[in-house]
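J.: quick one, structure for this:
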Amino acid sequence: MLENVLVRHNCSLKIKVTVKGLVSLGCIVLAVLLPQLVHLALGQAGGVQWLPMYLPVLLGSCLLGSVWGLGIGVLSPLVSFAITSAWGDPMPALARLPFMMAELAVFAAVSGLFTKKIAENGWMAFPAVLLAQVAGRAVFLLLVAIFQSVAPFTPALIWSQIQAGLVGMVLQAVLVPFVVMGLRALLNREQHDRS
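T.: Residues are numbered from 1 along each chain as shown. From the prediction side, this is the model:
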């Protein structure tokens, strides 16, 4: 979606990369800060219920597409782990990190596939987010089932966490598309004002 705006303004490759890089960085920072705030206010159970890292990944990939979104999805848990490990309380935990990186990569890849459709019709953000959520959670569960002999959790535990996170998933399935549609309307209004 953001690509369309940059093309409309005849931006150079350097400007496009800079803008997309800054938006990606903002999403990664948000993906590191939101879980800290949720865990501070609601404890670890709050993170499982509200899934705060997922929101910036979904938002970034809907705006930027699969490639940039994939970077956000993979780097968000990795950067969070690196920063919070320095404080002595890594989030996500090391054992969960590869699973979460894979899950968020799927979130980003799937929702990012809809970017051009979202630019044409903002309502496409709803199926983008819903399909990304289902695919990402399914991949997480599948990977845990495959690697349960070496992982410290079981498919049953992850399934119970998926159920606990339904509230956060539903909230994000509504919130992210409305934010994306709002940004789309704002960017399109700016185009009409210039015409």
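J.: low-confidence stretches in this structure?
T.: 190-195 (pLDDT under 70).
J.: how far away is residue 164 from residue 94?
T.: Relative to residue 94, residue 164 is positioned 22 Å away (CB to CB, to the nearest Å). In this view, the C-beta of every residue, glycine as well, is placed from N, C-alpha and C.
J.: okay, the two: which has more neighbours?
T.: For residue 164 versus residue 94, neighbours defined as other CB atoms under 10 Å are more numerous around residue 164 (14 against 10).
J.: distance of the more buried one relative to residue 50?
T.: The value you get for residue 164 to residue 50, if CB to CB is used, is 10 Å.
J.: ok, the residue nearest to the spatial centre of the chain - contacts?
T.: What sits nearest the mean C-alpha location of the chain, by CA atoms, centre = their mean, is residue 57, with 1.6 Å. Going by CB atoms under 8 Å, 6 or more residues apart in numbering, residue 57 touches 27, 31, 69, 72-73, 76, 104, 107-108.
J.: export the host helix or strand of it as CSV, just CAs?
T.: Here residue 57 sits within helix 54-64, counting by DSSP states H and E. Taking C-alpha atoms only, helix 54-64 is exported to CSV below (Å, rounded to 0.1, in the frame of the first residue of the first chain):
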residue,chain,number,x,y,z
TYR,A,54,1.6,-9.4,16.6
LEU,A,55,-0.2,-6.0,16.1
PRO,A,56,2.8,-4.1,14.7
VAL,A,57,3.9,-7.0,12.5
LEU,A,58,0.4,-7.3,11.0
LEU,A,59,0.2,-3.5,10.5
GLY,A,60,3.7,-3.2,9.0
SER,A,61,3.2,-6.1,6.5
CYS,A,62,-0.3,-4.8,5.4
LEU,A,63,1.4,-1.4,4.7
LEU,A,64,4.7,-2.6,3.3
